[in-house]
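# Predicted structure and sequence below. I'll ask about it afterward.
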Amino acid sequence: MEQLSGLFEFTLDLLSEKHTITSKDLLGERMTITADLPDDTKRYFNGVVTQFAHTGGDLRLSSYRVTLRPWLWFLTRVADCRIFQDKAAPDIILSVFRDLGFSDFTNSLSKTYPSRDYCVQYRETDFDFVSRLMEAEGIYYYFTHEDGKHTLVLADGVGAHSTAPGYAKVPYYPPDDADRREADCLEDWSVSTEIRSGKYTHTDFDFTAPRSRLLSEKPSALPKARTDLEIYDYPGGYDVGQGGARLAGVRIEELESQYELYHGHGDVRGIGAGRLFTLTGHPVSALYDQQYLIVASSYSAQSAEFVSGAPSGDAFICSIVATKSSLPFRPARATPRPIVRGPQTAMVVGKAGEEIWTDSYGRVKVQFHWDRLGKKDETSSCWLRVSQLWAGEKWGAMFLPRIGQEVIVDFLEGDPDRPIVTGRVYNGTSMPPYALPANQTQSTIKSNSSKGGGGSNEIRFEDKKGSEEVYMHAQKDFNTVVENDDTLKVLHDQTISIKNNRTETVEEGNETVTIKQGKRAITVSQGDNSTTVSQGNESLTVTAGNYTISVNAGKISVTAAQAIELTVGGSSVKIEPAQITLSSVMIKVAGSAQTQVSGAMVQVSADGMLQLKGGLTMIG
């Protein structure tokens, strides 16, 4: 049995006069079966012996059974977890072949395939991995056989196929037409048709263009296609740059490939899966005499050399399944994509010498624990988006995981190709900021200065009963901007300690300091105290109590451009630029030793009595 996009399998029942053949002799070896063709040429069936059994025998002959499969079968015996980046699907597929040392393949692809930024083989065999890549892209394969060798052919169109030598045309003869029958013909031919979905539609989401509509649809071109029988799917596996039209076309061709299948039976020895041929001689030639592509074939052959009582000559029977060569063949998506069942953790990585490695979207790169090929650097993974507390348009929260931190990674729809960081965790190397459980009542957001560490910004909450505290620490500057009102209410004491300078500016409005009960003290231990009113008045009112100014060393200097006036009740002293006026019911000037009044002109007058009195009074 052989088929497009399938591993061929040939089971051979063998007889031998040698009774000592064991699996060591054949298992893993290549074996070729030869079929003689009518034109004296040969057809070969080559494969690797993957199963061997000694099934019995007699004194003359021993019987054996072997199974031949292609070298591609060995990929079912290899499973891996690895990452491919910036490679198209065909390049990935061929690299898997080469990594296992296989070179018997031919690349007959005619189409161009987009590069995949990130493609993961996750806990699956190499065969399943390459199979699902081919199925997703509409690529298929078949095998050609030579003496001692078989070759895998990658195909995506009819141009990758050819007719077998001598079998470009295959005649049809009904079973009852033995008189005209030739060797190598088809004696049975039938067709089956099935209603298929008539439209394929899918969509996806590209976070770099979240408002873009990525919906893409493709109706079937088959006769009487029912476009109301639509398949709609998400996600489509593409972004804005790739577009979904190409993949929608592949999907509808996949559905159309199973629309109409032709079944043939006969003794044609030279044709098989992957070959083209034209049927001739069918009674309904207008419908059936055309070119076909064989998509599957099976064979039954027997050599009469050692079979007692068998008719002379060898018997060969083949059955084929074919489609019209004008209809593109696409393999069914039969290989399931691996699903990551739940989140994983990974380590944040980046460029050597950096502590933070990110892009304009705040994405990071990681090294998965299962990735044995990653170099723990900026090439270890694709960029992973990071879940944040809040994410708006130029607003939200932003905490970037740093190199060396352990993060929780989830996968969109379980797809290993679509990882996303959803959280962060501490571990034995990265421990919490404060020892636990000793500080279990503390909740904190504490950063680390970069590069090099040694400092931090922090907001910490202490919830220990009786010791509740909110602690804030800025490693360097602390800036607060309030667009409107700022209200601070302290129900007990407030202490502000400033090492260097403090500047308060009220740009427009007033400043009011109210002490309802208690006192206010301003102490300048060393230096000056200066108050400047550039424009306006300064007023100090003591409603009840005293106002005292003491200068223990130095002087008091009061300067005014117009006047200085001191008033107590009805008495006042007014100092003006040209005069000093003392006004009171009684003015007393007393000097304990001497009182001297002098001036260019001194005038003393009294409306009533003027009395000058002294131990010695001198006038003039």
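Yes, it's here.
# Which residue ranges of the stretch 251-400 of the chain form helices?
285-288 (DSSP state H, counting those that start in this stretch).
# got the residue ranges for the strands in it?
Assigned by DSSP state E, counting those that start in this stretch, the strands in the stretch 251-400 of the chain fall at 260-266, 275-280, 291-302, 315-324, 344-349, 365-368, 385-386.
# Among the ones you listed, which comes closest to residue 192?
Proximity to residue 192, assessed across the strands of the stretch 251-400 of the chain by Cβ to Cβ, is greatest for strand 260-266 (5.4 Å). All C-beta atoms are positioned from the backbone trio N, CA, C, and that covers glycine.
# in that closest one, what's buried?
Within strand 260-266, the residues that count as buried by 16 or more other Cβ atoms under 10 Å are 260-262, 264-266.
# so who does residue 322 touch?
261-264, 292-295 (Cβ atoms under 8 Å, 6 or more residues apart in numbering).
# on that earlier part again, possible to save the strands of the stretch 251-400 of the chain as a markdown table with mean pLDDT and distance to residue 549?
Formatted as a markdown table, the strands of the stretch 251-400 of the chain follow (pLDDT from 0 to 100; distance: least, Cβ to Cβ, whole Å):
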| stretch | mean pLDDT | distance to residue 549 |
| --- | --- | --- |
| strand 260-266 | 96 | 111 |
| strand 275-280 | 97 | 115 |
| strand 291-302 | 96 | 109 |
| strand 315-324 | 95 | 110 |
| strand 344-349 | 98 | 65 |
| strand 365-368 | 98 | 69 |
| strand 385-386 | 98 | 63 |
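# nearest to residue 249, of those strands?
Nearest of the strands of the stretch 251-400 of the chain (Cβ to Cβ): strand 315-324, 17.3 Å.
# re the thing from before, closest one to residue 336 among the strands of the stretch 251-400 of the chain?
strand 344-349 (19.6 Å).
# Run through who's touching the closest one.
So strand 344-349 is contacted by 357, 364-369, 374, 376-378, 380-381, 401-410, 425 (Cβ under 8 Å, 6+ apart).
# Please type out the ChimeraX selection for whichever of the residues you listed turn out to be buried.
Selection of the buried residues among the contacts of strand 344-349 in ChimeraX, burial being defined by 16+ other Cβ under 10 Å:
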select :357,364,365,366,367,368,374,376,380,381,401,402,403,405,406,407,409,410
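# rewinding a little: now the strands of the stretch 251-400 of the chain in a markdown table, with distance to residue 159?
As requested, these are exported to a markdown table (distance: least, Cβ to Cβ, whole Å):
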| stretch | distance to residue 159 |
| --- | --- |
| strand 260-266 | 21 |
| strand 275-280 | 11 |
| strand 291-302 | 11 |
| strand 315-324 | 15 |
| strand 344-349 | 43 |
| strand 365-368 | 40 |
| strand 385-386 | 41 |
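# For the residue nearest to residue 412 when sequence neighbours are not counted, grab phi and psi.
Leaving aside its sequence neighbours, residue 412 sits nearest to residue 418 (Cβ to Cβ, 6 or more residues apart in numbering; 4.1 Å). In terms of degrees, to the nearest 10, the main-chain angles of residue 418 are phi -130, psi 70.
# and residue 418, how many neighbours does it have?
Using other Cβ atoms under 10 Å, residue 418 has 18 neighbouring residues.
# Quick check: it vs residue 119, distance?
11 Å (Cβ to Cβ, to the nearest Å).
# And the strands in the stretch 101-250 of the chain, which stretches?
105-107, 115-116, 119-125, 140-146, 149-155, 162-163, 169-171, 186-193, 199-202, 216-219, 230-233.
# on that earlier part again, of the buried residues of strand 260-266, closest to residue 581?
Distances from residue 581 to the buried residues of strand 260-266, taken by Cβ to Cβ, are shortest for residue 260, at 124.3 Å.
# what about residue 391, how many neighbours?
Residue 391: 13 neighbours (other Cβ under 10 Å).
# Not counting its neighbours along the chain, what's nearest it?
residue 397 (7.6 Å).
# Name all residues that make contact with the one you found.
Counted by Cβ under 8 Å, 6+ apart, residue 397 has contacts 388-391.
# Angles on the backbone of it, please.
phi -110, psi 150.
# Against residue 39, how distant is residue 501?
105 Å.
# Show me the protein divided up by domain.
Per automatic domain parsing, the structural domains of the chain span 2-71, 339-432.
# Determine how far the first one lies from the middle of the whole chain.
Going back to what we said before, that points to domain 2-71. 49 Å (Cα atoms, centre = their mean, to the nearest Å).
# which residues touch the residue positioned nearest the centre of the chain?
Taking Cα atoms, centre = their mean, the centroid of the chain lies closest to residue 384, which sits 3.3 Å from it. By Cβ under 8 Å, 6+ apart, residue 384 lies in contact with 363-366, 409, 419-421.
# do the same with residue 583
With the criterion set at Cβ under 8 Å, 6+ apart, residue 583 makes contact with 570-574.
# could you check the distance from the residue lying closest to residue 170 once chain neighbours are set aside over to residue 8?
Computed as Cβ to Cβ, 6+ apart, the closest residue to residue 170 that is not its neighbour in sequence is residue 277, at 4.7 Å. Plainly put, residue 277 is 19 Å away from residue 8 if you go by Cβ to Cβ.
# repeat for residue 241
Residue 241 is 38 Å from residue 8, by Cβ to Cβ.
# Also residue 86?
Distance from residue 86 to residue 8, by Cβ to Cβ: 34 Å.
# Have a look at those two and say which one is more surrounded.
Using other Cβ under 10 Å, the more surrounded residue of residue 86 and residue 8 is residue 8, with 23 against 12.
# so who does that one touch?
Per Cβ under 8 Å, 6+ apart, neighbours of residue 8: 1-2, 47, 68-70, 143, 273.
# Could you dump those into a markdown table with pLDDT added?
Below are these laid out as a markdown table (pLDDT from 0 to 100):
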| residue | pLDDT |
| --- | --- |
| 1 | 94 |
| 2 | 97 |
| 47 | 98 |
| 68 | 98 |
| 69 | 98 |
| 70 | 98 |
| 143 | 98 |
| 273 | 98 |
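# Tell me the buried residues within those.
Buried among those (16+ other Cβ under 10 Å): 2, 47, 68-70, 143, 273.
# Closest one to residue 113 out of these, please.
Closest to residue 113, out of all of the buried ones among the contacts of residue 8 and judged by Cβ to Cβ, is residue 143, at 21.9 Å.
# isn't that closest one right up against residue 3?
No - counting by Cβ atoms under 8 Å, residue 3 is not a contact partner of residue 143; they are 10.1 Å apart.
# what's the overlap in contacts for those two?
residue 273.
# Show me the contact partners of stretch 190-203.
213-220, 222, 225-236, 244, 247-248, 251-252, 255-256, 258-264, 288.
# can you do 7 Å?
214-220, 225-227, 229-234, 236, 244, 248, 251-252, 255-256, 258-263 (Cβ atoms under 7 Å, 6 or more residues apart in numbering).
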